[in-house]
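*Asks:* the following block contains a protein sequence and its predicted model.
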Amino acid sequence: MAENPVKTQDANPLEREAIARLLAARTQKSYREQEIKECYFFASPMRQRTINSMSEPSRAPPLDAGELNTDKAFLLCGDFITEVVNGYMPEAQPWCELGPGMDLPEGAWAKVDDTAKKNTAKVFNAMKASNLYPEVTKSFNPDLAIGTAAMWIDRLHPSQPIRCVAVPFRELEINSGPHGDVDDRFAVRWTRNCYARELLGEEIWAKVDEKIKKHVADKGEVRCQIVWGFWRKWEDKSNECWQHVVLLDNNLVHDVEIKGEGCCPLIVMRFNPNADWVFGFGPLWQGLPSLRQIDEAELMLQENAELALRPPTTFPNDSFTMVEQGLEAGMSYPIQPGTENAIKNIYAPPPANPEYYAYEQRMKDLRKLFFVDLPEQSGDTPPTATQWVDELARAQRRIGTPGLPFWREGPASIFTRFKYLLEKAGTIAPIQVNGVTVATLPRNPAQAAAELQEVAMFGKAVSLLGGTFPEEFKANADGRATMEAVLKKMRVTLLVLRDKGEVAKAVDQIAKLTMGRHAPEAPDATPGPAA
């Protein structure tokens, strides 16, 4: 533990409240500490397993890291994170958009629609310029597979890009709020005193008491505890308001109220949460029983293979040289006459039978639990394109249902945080229509699959109606408006449509060319042969 400097005065009410909230959050994690450690044992055995933030984590590797017999959790967690990132926040395309807020008058949004699209593009450009995606990988694997991941998003200097930092499980302490969402949230960092000033920043360091500064300067190699805490101020109904505190070795050195949607830099994301527990219940946590059995089955398969390759033998102790250490391949050993058949295997080990351990079935169930059971060919006949799309849409809907809370707390909050920082820097202007602030409209895999199904149904309807009523269908359908609706539904932005005036000229020219090509030929003026 670090040496705490002597307080210069009694703790003020806000400091006591912060310490009490932090203690309550630590208590929440302590109830499930063993399960979380076991998740790390299977998915990341070389990482620190000091989950509680009350003490400094050990810098030595865990002693039981070499006892793991299977690497299946490594593969499953990596595939799961890939599915989540590609499904909810793919780097190559926009995955969130600005939309009209609630109670917006009809037609008012059309006035700022173009500005909202430009702001959305600037937000995603800022994401690409930052280190968001490298830190997403660090933050999610394996924490999101356990159920809860966190990330710190802030801008240290106006001339620098937005910086993202993964907050590991051992540094995160959270608690539920009055409505069941994550309210109290703390990032606890154990570091050397010589780094305290850099982590706090010059603005906060200037507020630190001189005795604490001297203690930090005199003992630079001693490790201290820095706590950044946030909790909602629910009495403020006019805007989203957070109380922010900073503690240095349990001494309050900074406190401020921050306001605005996206003002909190500590983003906490949960996959598949429930109403009784503040942490998410991810596939790695749910799959612990199967992982235990698979780990034991791997050990039994290894032992069975070793017995099959090198079975135990018996030999007469008076026949020849003592061979307790085993027999070498290719070597010759002298024996006495009459003992030719004395050396033999004790028993023939049974062949390895994966079905006996239900190994493959458990792996299949785990792949389904981790949402990485890709569409499989069930028969000898290859599936049609429609069948494959249906299977893919079904897989997207499965991950979309438990991932809805994750989308709201994760990707949508990350987008909102970037938008807030850009608005604060003056890069983009806040969009308001008649005093109503624009809200973010999420687009997750479940919604994307539903819209893809809607487009597929449109194709079937066009084929049916166009084939049954060809003339009436062409006369009643508005081609341009339909194309614009389909492109908007599919989020296609690269296809550029002509101006309506140019379209009319092009259609008229095509019609003339078509009529000229099919017009009847003029009769030949040359008289034909006499009848």
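*Replies:* Structure's in. What do you need?

*Asks:* mind listing what's buried in stretch 417-437?
*Replies:* 417-423, 428, 431, 433, 436 (16 or more other C-beta atoms under 10 Å). Placement of C-beta: from N, CA and C, glycine included.

*Asks:* residues contacting it, please?
*Replies:* In this structure, residues lying in contact with stretch 417-437 by C-beta atoms under 8 Å, 6 or more residues apart in numbering are 98, 100-105, 108-109, 111-112, 115-116, 119, 122-123, 126-127, 130, 153-155, 158, 162, 260-265, 267, 438, 440.

*Asks:* apply 6 Å and report the result again.
*Replies:* 101, 104, 108, 112, 116, 119, 122-123, 126-127, 153, 155, 158, 162, 260, 262-263, 438 (C-beta atoms under 6 Å, 6 or more residues apart in numbering).

*Asks:* now these: which count as buried?
*Replies:* Buried among the contacts of stretch 417-437 (16+ other C-beta under 10 Å): 101, 104, 112, 116, 119, 123, 126-127, 153, 155, 162, 260, 262-263, 438.

*Asks:* can you give me the end-to-end span of stretch 131-148?
*Replies:* The first and last residues of stretch 131-148 sit 20 Å apart, counting by C-alpha to C-alpha, to the nearest Å.

*Asks:* wait, what's in contact with Lys37?
*Replies:* Lys37 touches Arg49, counting by C-beta under 6 Å, 6+ apart.

*Asks:* swap the cut-off to 8 Å and go again
*Replies:* Contacts of Lys37 by C-beta under 8 Å, 6+ apart are 49, 51.

*Asks:* ok, now how distant is it from Glu15?
*Replies:* 31 Å (C-beta to C-beta, to the nearest Å).

*Asks:* next one: Ser53
*Replies:* Taken as C-beta to C-beta, the span from Ser53 to Glu15 is 18 Å.

*Asks:* what number of residues lie near Arg163?
*Replies:* 16 (other C-beta atoms under 10 Å).

*Asks:* next, it: phi, psi?
*Replies:* phi -110, psi 130 (degrees, to the nearest 10).

*Asks:* just Asp255 next, same as before
*Replies:* Per degrees, to the nearest 10, the backbone of Asp255 is at phi -150, psi 140.

*Asks:* remind me which residues of the stretch 51-200 of the chain are low pLDDT?
*Replies:* 101-103 (pLDDT under 70).

*Asks:* which residues of it fall in helices?
*Replies:* Secondary structure of the stretch 51-200 of the chain (DSSP state H, counting those that start in this stretch): helices at 72-88, 113-129, 132-140, 143-146, 196-200.

*Asks:* which parts of the third one are buried?
*Replies:* Think helix 132-140. 132, 135-136, 138-140.

*Asks:* turn these into TSV, including distance to Leu495.
*Replies:* Shown next, in TSV, are these (distance: C-beta to C-beta, whole Å):
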residue	distance to Leu495
Leu132	28
Glu135	34
Val136	30
Lys138	37
Ser139	36
Phe140	34
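
*Asks:* which one of those residues is nearest to Gly479?
*Replies:* Leu132 (40.5 Å; C-beta to C-beta).

*Asks:* for Lys512, see how far away Ala268 is.
*Replies:* Careful, residue 268 is Val; it's not Ala. Remark: distance between Val268 and Lys512 (C-beta to C-beta) = 65 Å.

*Asks:* thought Asn193 was touching Ile226?
*Replies:* No. Checked against C-beta atoms under 8 Å, the pair Asn193 and Ile226 is beyond contact range at 10.3 Å.

*Asks:* so Val245 belongs to a helix, correct?
*Replies:* No. Counting by DSSP: H, G, I helix; E, B strand; the rest coil, one finds Val245 to be strand, located in no helix.

*Asks:* how about Ala129, nearest residue that isn't a chain neighbour?
*Replies:* Excluding its sequence neighbours, the residue lying closest to Ala129 (C-beta to C-beta, 6 or more residues apart in numbering) is Pro161, at 4.7 Å.

*Asks:* tally of neighbours for that neighbour?
*Replies:* Pro161, neighbours per other C-beta under 10 Å, totals 15.

*Asks:* got the contact list for it?
*Replies:* By C-beta under 8 Å, 6+ apart, the neighbours of Pro161 are 126, 129-131, 155.

*Asks:* closest one of those residues to Phe370?
*Replies:* Of those, the one sitting nearest to Phe370 (C-beta to C-beta) turns out to be Asn131, at 26.4 Å.

*Asks:* from Pro161, how far out is that closest one?
*Replies:* Taking C-beta to C-beta, one finds Asn131 at 8 Å from Pro161.

*Asks:* which secondary element of this protein has the worst mean pLDDT?
*Replies:* Between all helices and strands in the chain, the lowest mean by mean pLDDT, DSSP states H and E belongs to helix 354-357, at a mean of 56.

*Asks:* after that one, heading C-terminal, what element do we hit next?
*Replies:* With elements assigned by DSSP states H and E, the helix or strand that comes after helix 354-357 is helix 359-369.

*Asks:* where does pLDDT dip in the stretch 351-500 of the chain?
*Replies:* 351-357, 374-396, 434-452, 491, 493.

*Asks:* let's see it at 90
*Replies:* For the stretch 351-500 of the chain, residues meeting the criterion pLDDT under 90 lie at 351-369, 371-405, 408, 429-500.

*Asks:* in it, which spans are helices?
*Replies:* 354-357, 359-369, 385-400, 404-409, 411-425, 445-468, 470-476, 479-489, 500-518.

*Asks:* in terms of secondary structure, what does the second one contact?
*Replies:* By that I understand helix 359-369. Under the contact criterion of 3 or more C-beta pairs under 8 Å, 6 or more residues apart in numbering; DSSP states H and E, helix 359-369 touches helix 72-88, helix 288-309.
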